[in-house]
Structure formats: structure tokens, C-alpha cells
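**Q** Pasting a predicted model and its sequence here:
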Amino acid sequence: MPIRWIEIDDEVWKYLQEHAQPFVDTPNSVLHKLLFDRKGPEISMEEPPISFKGMPVALAQILEVIYEIEKHGYSRPKATRLVAERRGTVVPTIMDKYCKQLGLKAKEVDELFDEPGYTEFKKVLKENFTTYKDLIDIYFETITIDHFAQMKDHNIDD
């Protein structure tokens, strides 16, 4: 689903905040609840987890979170929650993969997620999963190419 940017005034922002569940809702999910009486865009729980034979679960879960951020534009917390639900586990288990196991704090992970091209994040992953360096490169090239193609298509339509 294409993402559109809108401007809202402080009064509308405050109203959205009053109806939001902290650390869960985004402005878009609040609008979905208020306008359509539902939780938000339907999320496919049928998409298979990212996994290759022999790939460490930690790497697969980290790549899956990145996939949700890139494909759907979700925040890290929302992408993490989705991956946890899909895998039948809890959010701290997924967070452990990209924080504790990589030796990073959530703020540091957010900074890595926010970096265009994920250069530093790729470097961290390659240092921690040395056997999978080529796979990590290919994975990031694939998702960023798809993301930029979608953005280009989106801009042409506007």
C-alpha cells in the first residue's frame, strides 16, 4: 500500500495521541481505528519467516525485522512485534537478537535502521555472522532495490 504524507495541526495531533496506545500505535493506526473501527492495515501472518538452511535463527529474525521496516514502512517496535507474533514468540526474544546478541542498545539499533543503505548495520551483521557475509550483502541489495523501485513508482503516480 503506498504511503502518503499529510500535514496536521497541533489539535489533531493531540487528539491522535489521546487515542493512541503508547509504544504500539502510529498516527496511521490510530486513524484506521477512528475512521474504520479497526486496528489498521491487515498484516499478513502467512508470509514465511526468512530462513535458509543452516542460517542462525538470530540472523533470520533480524533480517525479518528489516524486511518489515523496508517493505511496509513499519517502525522498529512494530516490525519487531509483527515478527514475534508471526514466529509465536514474544517481543523481548526478537529484541534480544538485534540488541543483546549484537551488543547494541535499542537506540543504537534505531540509528542503524535509520541509516540510508544500512552500511553500518551490514557491517555489524557481517562481524557477528561471518559465515553469512555474502548472503547479508545479497539480502540488503535485494530489499533496498525493491524499496527504491517502489518509491520511484510512487513518485511517478503523484
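**A** Alright, I've got the coordinates.
**Q** pLDDT averaged over stretch 92-106 - what is it?
**A** Averaged across stretch 92-106, pLDDT comes to 91.
**Q** How far does it sit from its chain's centre?
**A** How far stretch 92-106 lies from its chain's middle: 14 Å, per CA atoms, centre = their mean, to the nearest Å.
**Q** Now tell me what touches that stretch from outside.
**A** Residues outside stretch 92-106 that contact it (CB atoms under 8 Å, 6 or more residues apart in numbering) are 57-59, 61-62, 65, 76, 80, 83-84, 87, 109, 112, 124-125, 128. Heads up, the C-betas are built off the backbone N, CA and C, glycines and all.
**Q** Over to stretch 113-125?
**A** Here stretch 113-125 makes contact (CB under 8 Å, 6+ apart) with 59, 62, 66, 69, 76, 102, 104, 112, 132, 136-137, 140, 144.
**Q** Can you give me the end-to-end span of it?
**A** Distance between the boundary residues of stretch 113-125 (CA to CA, to the nearest Å) amounts to 12 Å.
**Q** buried stuff in that stretch?
**A** For stretch 113-125, burial by neighbour count (16 or more other CB atoms under 10 Å) applies to 113, 118, 121-122, 124-125.
**Q** Pipe those into TSV and attach secondary structure, pLDDT and distance to Thr93 per row.
**A** Output for these, formatted as TSV (DSSP: H, G, I helix; E, B strand; the rest coil; pLDDT from 0 to 100; distance: CB to CB, whole Å):
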residue	secondary structure	pLDDT	distance to Thr93
Phe113	helix	85	18
Tyr118	helix	87	23
Phe121	helix	91	20
Lys122	helix	93	23
Val124	helix	95	19
Leu125	helix	94	18
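**Q** and which of the contacts of stretch 113-125 is nearest Val30?
**A** Proximity of the contacts of stretch 113-125 to Val30 was ranked by CB to CB; the top entry is Arg76 with 18.5 Å.
**Q** quick one: pLDDT of the closest one?
**A** You'll see Arg76 listed with a pLDDT of 90.
**Q** just Arg86 next, same as before
**A** Here, the pLDDT recorded for Arg86 equals 84.
**Q** I'd like the numbering to begin with 28 instead of 1 from here.
**A** In the new count, where the first residue is 28, that last one comes out as Arg113.
**Q** quick one: what helix or strand has it in it?
**A** Element membership for Arg113 (DSSP states H and E) is helix 103-114.
**Q** helices or strands up against that helix?
**A** In terms of contact count using 3 or more CB pairs under 8 Å, 6 or more residues apart in numbering; DSSP states H and E, helix 103-114 is assigned the packing partners helix 84-99, helix 118-125, helix 133-141.
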